[in-house]
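*Asks:* This is the structure alone, sequence omitted:
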Ligand SMILES: Nc1ncnc2c1ncn2[C@@H]1O[C@H](COP(=O)(O)OP(=O)(O)O)[C@@H](O)[C@H]1O
Ligand SMILES: O=C(CO)[C@@H](O)[C@H](O)[C@H](O)[C@H](O)COP(=O)(O)O
């Protein structure tokens with residue numbers, strides 16, 4: 001939802017026949033710059049104008065990436081006249097839109113978008129030389145963006161298509177049954193999310209040092225989100241490191257074997273004094289603070305100790321961003337756990353259960369695609385065109 005890609009209007013894709021059914025293939029498009037992109041360092045971000053928004057701008061956010069390209073690859077930017085998140089691109093191609101349309105959820109994720117006035121910071125951006133023609137039009141999530149211009153995978157031509165939602169908001173919508181639920185997703189990264197009461201309005205100025213951001217949800221409500229950049233990817237890095245060390249030592253081992261053995265070892269090692277702060281990738285609010293290992297004693301060096309400490313560290317890092325007691329103050333009564341890094345790792349589940357002062361349950365259909373479908377069904381069911 002923070003990422004950006006570019007394309008040429010009218011040449012973004014080509015519809016071809018795959019067997020009997022039409023499919024579209026990308027044509028004059030750029031690669032995707034994702035939320036994980038690290039090209040905008042602290043110095044570069046500090047050189048950007050201050051947004052008129054409650055959300056600050058971090059590396060991997062669409063507008064920061066465009067600013068970077070403007071400074072470092074202006075010729076690249078000149079080759080395109082449309083931009084959006086990758087899901088905005090898909091909607092634009094499906095419907096043959098000449099101008100991309102974006103939900104305020106994705107616009108807020110790009111930065112330089114004011115959720116109160118529902119508008120881009122056009123003046124600030126123009127003054128900084130930003131190519132404002134690349135900013136999509138914005139509409140409310142749940143609105144229809146257009147109709148399919150072709151039949152597509154059994155979906156008939158002329159079917160209404162909703163404007164793309166933020167993937168985080170769509171995942172939350174799929175599983176947050178009540179306002180007293182919080183959602184904890186641990187996949188590549190981690191998000192801990194709680195819903196704010198309907199009258200809640202975030203402060204009007206951005207605070208780059210704040211670990212909790214307020215992302216727009218539906219009907220002018222907000223989600224409080226602690227989005228950590230260090231989740232399952234840290235475990236994946238650890239596994240990759242071990243596999244590489246083994247290869248350097250002349251031994252071959254599959255990553256899947258390492259995952260299962262290390263989880264098994266840590267499951268038997270119920271506690272450890274080893275402390276790992278797992279922020280290998282920094283955090284948006286503390287980009288330069290990297291990972292560390294402390295309290296290393298000779299008795300805590302086994303694979304079980306290290307894996308337990310790593311899993312605990314991921315949960316503790318999240319707690320340092322959004323103390324779990326704060327959730328209690330917001331009225332949270334239950335945590336819904338989701339994400340493949342969590343569902344596949346018993347030790348991470350134990351550490352979550354140990355740290356949260358609430359019951360943790362695991363959703364069956366926690367999925368952005370399910371959330372997007374539910375939004376369109378529930379919010380448009382009574383509209384005339386259905
Ligand atoms: N065999 C495994 N056992 C346990 N955890 C795994 C295994 N393989 C991957 N993971 C964890 O799941 C995380 C998410 O993996 P993946 O499914 O590839 O990504 P995503 O869910 O973000 O698309 C990885 O970062 C890693 O921590
Ligand atoms: O960064 C945030 C929220 O700020 C995430 O929602 C991010 O944009 C990603 O879309 C999500 O992390 C989902 O990706 P992944 O962890 O499943 O790879």
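*Replies:* The structure has been received and is ready for your questions. This one's a predicted model, so the numbers in the text were calculated from it and none came from an experiment. Ligands and ions are numbered 1, 2, ... in the order given.

*Asks:* C-alpha from now on. contacts and neighbour counts both.
*Replies:* Will do.

*Asks:* Which parts of the chain belong to which domain?
*Replies:* Taking automatic domain parsing as the reference, the chain has its domains at 5-164, 167-366.

*Asks:* which one of those domains lies closest to residue 372?
*Replies:* domain 167-366 (5.4 Å; C-alpha to C-alpha).

*Asks:* Compute the first-to-last residue distance for the closest one.
*Replies:* With C-alpha to C-alpha, to the nearest Å as the measure, domain 167-366 spans 11 Å from end to end.

*Asks:* quick one: average confidence on it?
*Replies:* In this model, domain 167-366 carries a mean pLDDT of 96.

*Asks:* if you look at that domain, does any of it touch ligand 1?
*Replies:* Yes. Domain 167-366 lies within reach of ligand 1 by C-alpha under 6 Å from any ligand atom, at 187-188, 232-233, 235-236, 256, 259, 339-341, 344-345.

*Asks:* Could you tell me which residues make contact with residue 158?
*Replies:* 147-151 (C-alpha atoms under 8 Å, 6 or more residues apart in numbering).

*Asks:* Can you select the buried ones from those residues in PyMOL?
*Replies:* The buried subset of the contacts of residue 158, as determined by 16 or more other C-alpha atoms under 10 Å, is captured in PyMOL by this line:
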select buried, resi 147+148+149+150
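
*Asks:* Let me see the ranges of the strands in the stretch 151-300 of the chain.
*Replies:* 160-162, 181-186, 190-195, 213-216, 222-228, 275-277, 292-294 (DSSP state E, counting those that start in this stretch).

*Asks:* Adding distance to residue 174 and mean neighbour count, write these out as a markdown table.
*Replies:* Formatted as a markdown table, the strands of the stretch 151-300 of the chain follow (distance: least, C-alpha to C-alpha, whole Å; neighbours: other C-alpha atoms under 10 Å):
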| stretch | distance to residue 174 | mean neighbour count |
| --- | --- | --- |
| strand 160-162 | 16 | 19 |
| strand 181-186 | 10 | 25 |
| strand 190-195 | 13 | 25 |
| strand 213-216 | 16 | 23 |
| strand 222-228 | 14 | 23 |
| strand 275-277 | 31 | 21 |
| strand 292-294 | 36 | 12 |
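
*Asks:* so which of the ones you listed comes closest to residue 310?
*Replies:* strand 275-277 (5.7 Å).

*Asks:* which other helices and strands contact the closest one?
*Replies:* Judged by 3 or more C-alpha pairs under 8 Å, 6 or more residues apart in numbering; DSSP states H and E, strand 275-277 is in contact with strand 292-294, helix 303-321.

*Asks:* got the buried residues for the last one?
*Replies:* This means helix 303-321. 303-319, 321.

*Asks:* returning to that earlier point: so which of the contacts of residue 158 belong to strands?
*Replies:* Filtering these for membership in strands, criterion DSSP state E, returns residue 147.

*Asks:* closest to residue 139 among the contacts of residue 158?
*Replies:* residue 147 (15.6 Å).

*Asks:* Isn't that closest one up against residue 161?
*Replies:* Yes. Contact criterion C-alpha atoms under 8 Å: residue 147 and residue 161 qualify, at 5.5 Å.

*Asks:* Now the common contact residues for those two.
*Replies:* residue 95.

*Asks:* so who does residue 179 touch?
*Replies:* 194-195, 332.

*Asks:* between those residues, which is nearest residue 248?
*Replies:* Closest to residue 248, out of all of the contacts of residue 179 and judged by C-alpha to C-alpha, is residue 194, at 44.6 Å.

*Asks:* beta partners for the nearest residue to that closest one once chain neighbours are set aside?
*Replies:* Leaving aside its sequence neighbours, residue 194 sits nearest to residue 182 (C-alpha to C-alpha, 6 or more residues apart in numbering; 4.7 Å). With DSSP bridges as the criterion, residue 182 is bridged to residue 194, residue 335.

*Asks:* same deal with the one 4 residues further on?
*Replies:* In this entry, residue 186 is beta-bridged to residue 190, by DSSP bridges.

*Asks:* Contacts only, for it.
*Replies:* 231-232, 337-342.

*Asks:* sec struct for the residue in the stretch 1-150 of the chain positioned nearest to ligand 1, please.
*Replies:* Among the residues of the stretch 1-150 of the chain, residue 36 lies closest to ligand 1, at 11.7 Å counting by C-alpha to the nearest ligand atom. Three-state assignment for residue 36 (DSSP: H, G, I helix; E, B strand; the rest coil): coil.

*Asks:* Quick one: name the residues of the stretch 101-250 of the chain near ligand 2.
*Replies:* Checking the stretch 101-250 of the chain against ligand 2 by C-alpha under 6 Å from any ligand atom, the hits are 167-168, 187-189, 227.

*Asks:* Ends of stretch 139-152, what's the gap?
*Replies:* 24 Å.

*Asks:* residue boundaries of the helices in the stretch 251-386 of the chain?
*Replies:* In the stretch 251-386 of the chain, the helices defined using DSSP state H, counting those that start in this stretch lie at 255-268, 303-321, 324-329, 340-343, 346-355, 368-380.

*Asks:* Present these as CSV; the columns should include distance to residue 200.
*Replies:* What follows is the helices of the stretch 251-386 of the chain, written out as CSV (distance: least, C-alpha to C-alpha, whole Å):
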stretch, distance to residue 200
helix 255-268, 41
helix 303-321, 20
helix 324-329, 15
helix 340-343, 31
helix 346-355, 27
helix 368-380, 22
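
*Asks:* Out of the ones you listed, which gets nearest to residue 202?
*Replies:* helix 324-329 (16.3 Å).

*Asks:* which residues are contacting that closest one?
*Replies:* 182, 194, 356-357.

*Asks:* Let's see that with 10 Å instead.
*Replies:* 180-182, 192-195, 224, 316, 318-319, 331-335, 355-358 (C-alpha atoms under 10 Å, 6 or more residues apart in numbering).

*Asks:* how far is it from where the chain is centred?
*Replies:* 23 Å (C-alpha atoms, centre = their mean, to the nearest Å).

*Asks:* same deal with stretch 62-74?
*Replies:* The answer for stretch 62-74 is 20 Å, by C-alpha atoms, centre = their mean.

*Asks:* Appreciated, that's everything.
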